[in-house]
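**Q** Need coordinates for the following:
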Amino acid sequence: MSPLRERPFRWYFLSRSVNLVGNTMSPVALAFAVLAVDDGTASLGIVLAAYTVPLVVFLLLGGVLADRWGPQRVVQTSNVLAGLVRGALALLVVSGHAELWSMVVLAAANGVVVAPGLPAMNGIVPRLVPRDQLQQANALLSLTRASLMVIGPSVAAALVIGVGSGWALLIDAATWLVAALLLLPVSLPRGAATGRSMLDELEEGWHYFRTTTWLWLVVGVCGLLNALAEGGLTALGPVRAHDTSIGAHGWGLAMSAQALGALAMTLALMKWRLERPLVAGLLSGALFGLPMIALGVWPSTVPLMVAALLSGIGVQTFSLGWHVAVQENVPGQMLSRAYSYDQLGSMVTVPIGQLAMGPLAEVYGIGQVLTVAGCLYVAVSLLTLGAAPVRALARTATVPAATSVG
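**A** Okay, here's the model as predicted:
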């Protein structure tokens with residue numbers, strides 16, 4: 001049975017899909033909007049870090065609020081505020097009044113308002129579909145994301161070249177507002193009143209997180225991997241493309257190739273059951289280091305596209321394996337808080353990578369830094385499989401009970 005037969009999930013699916021239309025454009029558009037204002041090696045990393053730092057700080061708040069008030073309410077509020085902040089940035093870029101400092105300020109505001117919605121968003125799916133449809137539901141969402149990512153970066157690159165990056169950013173802002181409206185028919189009950197403070201609930205979530213070995217171990221590894229990827233591929237990648245024959249057009253093609261790989265893998269995962277989700281995820285996830293290696297040793301469009309295609313296959317397998325592992329093995333009443341600690345641990349080191357890679361590239365050379373970052377990414381992913389709790393985690397016959405939908 002398709003998860004789309006569940007009416008609340010259809011609205012959630014539509015909301016996520018609309019939001020993804022803009023989100024697939026924004027990384028390319030933002031990167032070249034920043035480079036148009038200040039093309040310094042560290043400039044893009046500074047803007048990205050300005051977004052990530054407050055995002056990390058406020059992630060835990062989202063997990064508690066979602067478990068208390070209902071995740072869809074938190075997501076709707078977050079989407080509306082994010083749409084307004086991103087719209088302000090887009091208008092500054094379109095009007096030609098954007099400066100690096102204003103981009104930093106708005107990026108920080110964006111991080112604050114987006115943060116509470118992330119763990120809440122991830123906690124919705126298990127409450128909307130039957131237990132035996134979790135992998136299919138996550139695969140369907142991934143299929144939509146990957147499909148849009150095939151065309152989104154290329155469309156964004158065309159907009160950047162044709163009319164400017166501000167228009168792609170404006171589309172992204174509008175999708176956040178529309179996504180909030182589309183969640184109105186989704187009604188999830190609030191969590192049961194416990195009479196405890198938010199700090200008590202955070203402590204309860206932390207106890208569960210730190211005593212679940214596979215959970216904290218993979219999250220910690222992801223913190224290192226994300227620092228390498230965000231500091232290397234996301235912050236230095238567009239700079240390397242800008243300074244070589246790749247350019248904005250080639251960078252957009254590479255991002256679309258990455259999405260094509262993710263799309264192909266998602267189609268396979270809609271039928272292939274991941275019996276060892278973390279093993280499959282980490283083995284495949286190592287491929288995400290390849291684009292950084294390609295940018296470092298062979299900065300040309302075709303090699304980058306091939307590496308990006310393989311990385312899309314890898315990151316999609318890891319993403320689906322991780323969500324299935326968490327949603328099947330974490331109790332429902334703890335799910336949003338578990339996701340908030342997951343995202344906190346995965347992202348807390350990202351600003352370090354974003355801020356450090358630029359200065360390192362100025363000292364040692366951008367090619368050398370990208371190559372080392374890519375090789376480390378591959379090595380860390382594979383070494384994590386040495387941990388027995390990671391290798392042993394299998395699919396469960398039944399999952400924690402989901403909250404019923406009214």
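
**Q** Let me see the ranges of the strands in the chain.
**A** Assigned strands in the chain: none (criterion: DSSP state E).

**Q** quick one: pLDDT of residue 137?
**A** Residue 137 is assigned a pLDDT of 81 by the prediction.

**Q** ok, it touching residue 9?
**A** Yes: counting by CB atoms under 8 Å, residue 9 is a contact partner of residue 137 at 6.7 Å. Glycine gets a C-beta too; all of them are placed from N, C-alpha and C.

**Q** now the stretch 1-150 of the chain, which segments are flagged as low pLDDT?
**A** Residue ranges of the stretch 1-150 of the chain with pLDDT under 70: 1-6, 40-41, 67-68, 149-150.

**Q** Give me the nearest residue to residue 205, chain neighbours excluded.
**A** Excluding its sequence neighbours, the residue lying closest to residue 205 (CB to CB, 6 or more residues apart in numbering) is residue 337, at 3.2 Å.

**Q** how near is that neighbour to residue 208?
**A** To residue 208, residue 337 is 8 Å away according to CB to CB, to the nearest Å.

**Q** out of these two, which sits in the more crowded spot?
**A** Taking other CB atoms under 10 Å, residue 337 and residue 208 do not tie; residue 337 has more neighbours (25 against 17).

**Q** What separation do you get for that one and residue 347?
**A** Distance, residue 337 to residue 347, by CB to CB: 16 Å.

**Q** Check residue 170 too.
**A** If you measure residue 170 against residue 347 using CB to CB, the figure is 26 Å.

**Q** give me every residue that touches the closest residue to residue 92 other than its chain neighbours.
**A** Take residue 92 and drop its neighbours on the chain: the residue closest to it by CB to CB, 6+ apart is residue 98, 4.2 Å away. Each residue near residue 98 by CB atoms under 8 Å, 6 or more residues apart in numbering is listed here: 33, 37, 89, 92, 166.

**Q** what's the closest of these to residue 246?
**A** Nearest to residue 246 among the contacts of residue 98 is residue 33, at 17.8 Å by CB to CB.

**Q** Can you report how many residues lie near the nearest residue to that closest one once chain neighbours are set aside?
**A** Nearest residue to residue 33 in three dimensions, chain neighbours excluded: residue 165, at 4.0 Å (CB to CB, 6+ apart). If you count neighbours by other CB under 10 Å, residue 165 ends up with 28.

**Q** My read is that residue 165 contacts residue 26, right?
**A** No: with contact defined as CB under 8 Å, residue 165 does not reach residue 26; the gap is 9.4 Å.

**Q** Now list whatever residues contact both of those two.
**A** residue 156.

**Q** Tell me how many other residues crowd residue 322.
**A** As a burial measure, residue 322 scores 21 neighbours (other CB under 10 Å).

**Q** now stretch 50-63: how far from the chain's centre is it?
**A** The chain centroid and the centroid of stretch 50-63 are separated by 13 Å under CA atoms, centre = their mean, to the nearest Å.

**Q** Can you tell me what sits against it?
**A** 74, 78, 103-105, 107-112, 114-120, 123, 202, 205, 230, 336-341, 343-344, 347-348, 350-351, 354.

**Q** Drop anything exposed from these.
**A** Among the contacts of stretch 50-63, those buried by neighbour count (16 or more other CB atoms under 10 Å) are 74, 78, 103-104, 107-112, 114-120, 123, 202, 205, 230, 336-341, 343-344, 347-348, 350-351, 354.

**Q** all helices of the stretch 101-250 of the chain, in order?
**A** Using DSSP state H, counting those that start in this stretch, the helices of the stretch 101-250 of the chain run over 117-122, 125-128, 134-162, 165-182, 198-210, 213-229, 237-243, 247-269.

**Q** Work out the gap between the third one and the centre of the chain.
**A** Relative to the mean C-alpha coordinate of its chain, helix 134-162 is positioned 12 Å out (CA atoms, centre = their mean).

**Q** One more: stretch 377-396?
**A** Worked out by CA atoms, centre = their mean, stretch 377-396 lies 21 Å from the chain centre.

**Q** Now that stretch: average pLDDT?
**A** If you average the pLDDT over stretch 377-396, you get 91.

**Q** Report the buried residues of that stretch.
**A** Using 16+ other CB under 10 Å as the test for burial, stretch 377-396 gives 377, 378, 380, 381, 384, 387, 390, 393, 395.

**Q** and the residues you listed as a markdown table, adding distance to residue 146?
**A** Shown next, in a markdown table, are the buried residues of stretch 377-396 (distance: CB to CB, whole Å):
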| residue | distance to residue 146 |
| --- | --- |
| 377 | 21 |
| 378 | 22 |
| 380 | 24 |
| 381 | 20 |
| 384 | 24 |
| 387 | 29 |
| 390 | 25 |
| 393 | 25 |
| 395 | 23 |
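
**Q** right, and residue 38 touches residue 102 too?
**A** No: at 11.6 Å, residue 38 does not count as touching residue 102 under the criterion of CB under 8 Å.

**Q** can you pull out the helices in the stretch 301-406 of the chain?
**A** Under DSSP H, counting those that start in this stretch, the stretch 301-406 of the chain gives helices at 301-329, 335-347, 350-364, 366-383, 388-392.

**Q** hey, least reliable of the ones you listed by pLDDT?
**A** Across those, helix 335-347 has the smallest mean pLDDT, namely a mean of 82.

**Q** which residues are contacting that one?
**A** For helix 335-347, contacts defined as CB under 8 Å, 6+ apart pick out 52, 55-56, 59-64, 66-67, 71, 118-120, 122-123, 126, 201-202, 204-206, 208-209, 215-216, 219-220, 222-223, 226, 326-327, 330, 400.
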